[in-house]
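Visitor: I would like the atomic coordinates for the input below:
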Amino acid sequence: MTIRLVSFDLDGTLVDTAAEIAEAVHRAFDDVGIERRPQAEITNLIGRGTRELMLKLLARVMLEQPALSERVQADAVLERFEHHYAETAGCFGKPYPGCVATLERLRDQGVRLVCVTNKEQRHAERVLAVTRLDGYFSMLIGGDTLPVKKPHNGVLAHVLRHHGVSADEAAHVGDSSIDVESARNAGVRAWAVPHGYNAGVPIEDSNPDRLFPNLPAIADEVDAVLGPLPA
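Guide: Okay, the predicted model is just below:
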């Protein structure tokens, strides 16, 4: 077994973005006169991109308060969210403990690193830039970069093809069932960390190939496979 490429999800895997997404939602709702929702509710919708998050949240609000549909248009709320998330993206989010050291160790071992997220490309670029993680990745795939997004097998297949790496030489790391399914669909190792969102469901329930206690443990695993760096 060898590891030549590791792809990482972004939200809930590398960076805790829940607070900044919730803040943008709150500001958008304030703009149109919708009562703020609990952050936990918003966090549980993270995983399929911010547009889908907003549409699901708005559908829930309209179901609970039908009268709002007479004065609030979904497109207007989405526009306000986009405006506010352009300001908050990356500003409140914090890389998880050991994130930078893990990426540095993997890079030093010659492992290709890719970020594969369902967050829209423009937002993902900003989060990575503001948190200074962008320099570690040879490629960023957002939820709107390709015609398909996770868990479609075409996403990781595109990454493997671009880098000339076979599926048995790669692993995908995530915090959700979407990531586990993505890895399985592409035939790569399904690795997971427990500190993310996954709609509030324990990631163990998704049966990843490996569940690591933290990000540095992933670098430990790759070190064990590839051997120590030359002195």
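Visitor: what helix or strand is Ala171 on?
Guide: Assigning secondary structure by DSSP states H and E places Ala171 in strand 170-174.
Visitor: pLDDT on whatever helix or strand comes next after that strand, on average?
Guide: Counting by DSSP H and E, the next helix or strand C-terminal to strand 170-174 is helix 177-186. Averaged across helix 177-186, the pLDDT comes to 97.
Visitor: Now the helix or strand just after helix 177-186: buried residues?
Guide: Per DSSP H and E, the first helix or strand lying C-terminal to helix 177-186 is strand 189-192. For strand 189-192, a neighbour-count test (16 or more other C-beta atoms under 10 Å) marks 189-192 as buried. C-beta coordinates here come from the backbone N, C-alpha and C atoms, glycine included.
Visitor: Can you dump the C-alpha atoms of strand 189-192 in CSV for me?
Guide: Provided in CSV are the C-alpha atoms of strand 189-192 (Å, rounded to 0.1, in the frame of the first residue of the first chain):
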residue,chain,number,x,y,z
ARG,A,189,-9.9,5.0,0.9
ALA,A,190,-12.6,6.6,3.0
TRP,A,191,-10.9,8.3,6.0
ALA,A,192,-12.8,10.5,8.5
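Visitor: Find the residue closest to Gly12 in space, skipping its chain neighbours.
Guide: Nearest non-adjacent residue to Gly12, counting by C-beta to C-beta, 6 or more residues apart in numbering: Gly196, 2.8 Å away.
Visitor: same check, this time on Glu41
Guide: Leu57 (7.5 Å).
Visitor: That neighbour and Ser206, how far apart?
Guide: Distance, Leu57 to Ser206, by C-beta to C-beta, to the nearest Å: 23 Å.
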